[in-house]
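Engineer: Sequence and computational prediction follow.
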Amino acid sequence: MKVHNKLRFFLYTLGCPKNEVDSEIISKKLLRGGFERVVSPQKANIILVNSCGFIKASKEETLDAIFHFHRNRGDKQKIVMIGCLAQRYKGEIEKILPEVDGFIGADAYDNIDKIVRDICFDLTKGRYWGNVKSASMIYSSSERLYGNKLHSHTYVKIADGCSNRCSFCAIPHIKGPYKSRMIDDVLKEIDKLINSGYHEIGLVSQDLTAYGYDIGYKDALFTLLKEIEGIRKRFWVRLYYLYPRRIKKEILELIAESNKIVHYIDIPFQHISDNILLKMKRGHNSSFIKGLIKVIRDVIPDVVIRSAFITGFPGETVKDFNELQRFLLEYRLDNVGFFEYSDEDGTRAYQLNNKLNQRTIRNRYQKLYELQEEISFELNKNRVGKVYDVVIDNEEGRFYVGRYYGQAPDIDGVVYIKKGKKRLSGFVKVKIESADSYDLYGREIC
């Protein structure tokens, strides 16, 4: 019988790309602390669930995962919740989740190897650790886990936290104010990841356009992107997420000229009605959004625009909702995500009156979803016959699965390429032969 001297951990990640990066940092801290990482929860001494606490749906997803692991836990196996949900409800959540053996917020990651070890050996007295003011997870490139490439893509978190004050968002409450990393360290991380074999790097923060402002640099994002342009290797860079108010034309011009920064702009507009935008505290109106879209499309003619919208915000009238539908029909954004309003405690929207009932919110969500499905299908049909560079992600049965520049991993559609005699990897040229509302189908061309 094999004897394991090391404590074994299994890390399950929920939520956004920022959490994926955090999980890599946490994994390296644990590996350096003498732990062994396993790919099966059954083989672990301790199961870590990196939680998301952004909206109701993400909280429910986290709880479902906790209960799943609890039902299937082995003898003496520990379950620990880490990350945003633990951080957000510090001092409360441990009272309602006896299934969990420990809660570690993002403000305690520096000591996570010691904390996890103490939990494994039942040495802890409390059920929550960390009490610093800010929970922003800022790391250096030396803390990243390299050489464990599982996908064609990965993410680099250039900042954490948020200093915007949108009335519906709990991120500032969870993570604290915006904190930027230094450009040189971000570049070191990107270089190491490219050398590890990644073909796409997603630069991510809650608001990329705020990068560097907190440390006195107003052109930090432009400078960073310009430096990335100088890296002499083939890879894609994708930007998540651009706040509308601070998108500069020089950034758009740099993207338009770039062979590395994909012509894909992810801007969460959230709504189009001036009435709702004002209540959301977004800092701009519908005319600004429409003008920005025109500028983006003028500067980057082949741009793919992705956005997100919330329906059911308190006080959203039929007129507001109809305005949003007309906007979608007129401006025909390529990729759109919709969210049902989630009433989050601690936010200013939580205090608003005129809350909509869940049935109305769900009906409006469904209408938007179906409307955008038709728009996306029409736009995708226009791509038939065109040739794109496609990055190969994986294989599914008779197909290779990849993405052209207008498809972000995990949230947009994909390109299916029928297998031939030649094995495909990296970047290949694909001619699109058919399409549906989400995905494209094509063949590799030489």
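Structural biologist: Great, that's in hand.

Engineer: contacts and neighbour counts: CA atoms only from here.
Structural biologist: OK.

Engineer: Next up, the contacts around the closest residue to C169 other than its chain neighbours.
Structural biologist: Setting aside the residues directly before and after it, C169 is nearest to T347 in space (CA to CA, 6 or more residues apart in numbering), at 6.3 Å. With contact set as CA atoms under 8 Å, 6 or more residues apart in numbering, T347 has these partners: S167, F168, C169, A170.

Engineer: Return the distance of T347 relative to I293.
Structural biologist: Counting by CA to CA, to the nearest Å, the separation of T347 from I293 is 29 Å.

Engineer: ditto for L203
Structural biologist: When distances are taken as CA to CA, L203 and I293 turn out to be 21 Å apart.

Engineer: just M182 next, same as before
Structural biologist: Using CA to CA, M182 is found at 30 Å from I293.

Engineer: same check, this time on S58
Structural biologist: For S58, the distance to I293 under the criterion CA to CA works out to 30 Å.

Engineer: Equivalent analysis for F121, please.
Structural biologist: From F121 over to I293 (counting by CA to CA), the distance is 56 Å.

Engineer: cool, R181 as well?
Structural biologist: 29 Å.

Engineer: Between the two, point out the one with more neighbours.
Structural biologist: It is R181, of R181 and I293, that has more neighbours when counted by other CA atoms under 10 Å, with 18 against 15.

Engineer: what's near enough to touch the more buried one?
Structural biologist: Residues near R181 by CA under 8 Å, 6+ apart: I138, Y139, S140, I158, A159, G212.

Engineer: and if you look at Q366?
Structural biologist: If a contact means CA under 8 Å, 6+ apart, then Q366 has no contacts.

Engineer: can you check the one 10 residues further on too?
Structural biologist: S376 makes contact with D334, N335, S437, Y438, according to CA under 8 Å, 6+ apart.

Engineer: Kindly recompute the last result at 10 Å.
Structural biologist: Neighbour list for S376: R332, L333, D334, N335, V336, E370, N382, D436, S437, Y438, D439 [criterion: CA atoms under 10 Å, 6 or more residues apart in numbering].

Engineer: Then E20?
Structural biologist: With contacts taken as CA under 10 Å, 6+ apart, E20 has the following neighbours: Y12, T13, L14, I26, N50, T154, Y155, V156, K157.

Engineer: Which helix or strand lies directly C-terminal to the helix or strand hosting it?
Structural biologist: Applying DSSP states H and E as the criterion places E20 in helix 17-32. The element immediately downstream of helix 17-32 (helix or strand, assigned by DSSP H and E) is strand 36-37.

Engineer: partners of that following strand in the sheet?
Structural biologist: The strands beside strand 36-37 in its sheet (DSSP bridges) come out as strand 8-13 (parallel).

Engineer: Give me the residues contacting the partner strand.
Structural biologist: By CA under 10 Å, 6+ apart, the list of residues contacting strand 8-13 from outside reads 19-24, 26-27, 30-31, 34-52, 62, 65-66, 78-83, 116, 120.

Engineer: Per-residue pLDDT of R127, please?
Structural biologist: R127 is assigned a predicted lDDT (pLDDT) of 59.

Engineer: Check K218 too.
Structural biologist: 84.

Engineer: Find me the pLDDT at the closest residue to it other than its chain neighbours, would you?
Structural biologist: With CA to CA, 6+ apart as the criterion, K218 has its nearest non-adjacent residue at 6.1 Å, and that residue is G212. At G212 the predicted local distance difference test score is 94.

Engineer: just to revisit the earlier point, make TSV from the contacts of S376 and add distance to I194 to it.
Structural biologist: Formatted as TSV, the contacts of S376 follow (distance: CA to CA, whole Å):
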residue	distance to I194
R332	34
L333	31
D334	28
N335	27
V336	29
E370	39
N382	33
D436	33
S437	32
Y438	29
D439	27
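
Engineer: taking these one by one, which sit in helices?
Structural biologist: E370 (DSSP state H).

Engineer: Among the contacts of S376, which one lies nearest to A106?
Structural biologist: Using CA to CA, the shortest approach to A106 within the contacts of S376 belongs to V336, at 30.0 Å.
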